[in-house]
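> With the sequence up front, the predicted model follows.
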Amino acid sequence: MADEILLTREGYEKIVKEHEELVSVRRAEVAERIKEAISYGDISENAEYDSAKNEQAELEEKILKLENMIRKGKIIEDDELTGEHVNLGLSVKVKDLDTDEEMEFCIVGSTEADPFEGKISNESLVGKGLLGKRVGDIAEIYAEIGLIRYEVLEIFR
């Protein structure tokens, strides 16, 4: 599938839940705000109406984006994750060979990435550099700060 978006099961379910919330709850709330603003009279100089219409446009854009992600999403199923090599949906414990610091990353699709939670995108420099590596392999990643060398210590769910 062209332009497919790789997702974990958790990430896909989160997108579906957010989409359902926006369609079933937020749309009705925004429509009510527009209706209320119209009741104030002349909409040509009505700040509440303009604000509500802008919010509606942003909401519809977000809904379309989520629908696109759902349509193009490819879920990486658990049975595809053997743990023999780093893959989307798995976590990896690495050791920085320059500092001896150990770190853990969970490799996720780009839409799920949250570096503050240790979730890095499979499209990021580090994510790309770790994909396919096995325990004991060395990943050499050329980043803006220079060469980063990680030894893969462990791969787990």
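Arrived safely.
> Show me where the protein has its strands.
Applying DSSP state E to the chain gives strands spanning 5-8, 73-76, 91-96, 102-108, 119-121, 138-143, 146-156.
> Please work out which of those strands is packed deepest.
For the strands of the chain, ranked by mean neighbour count under the definition mean count of other C-beta atoms under 10 Å, the leader is strand 5-8 at a mean of 22. Glycine gets a C-beta too; all of them are placed from N, C-alpha and C.
> out of the strands of the chain, which comes closest to residue 26?
Smallest distance to residue 26 across these (C-beta to C-beta): 21.2 Å, for strand 73-76.
> Need the strands of the chain in TSV (columns: mean pLDDT and distance to residue 53).
As requested, these are exported to TSV (pLDDT from 0 to 100; distance: least, C-beta to C-beta, whole Å):
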stretch	mean pLDDT	distance to residue 53
strand 5-8	83	30
strand 73-76	85	30
strand 91-96	96	44
strand 102-108	94	35
strand 119-121	93	34
strand 138-143	94	43
strand 146-156	94	47
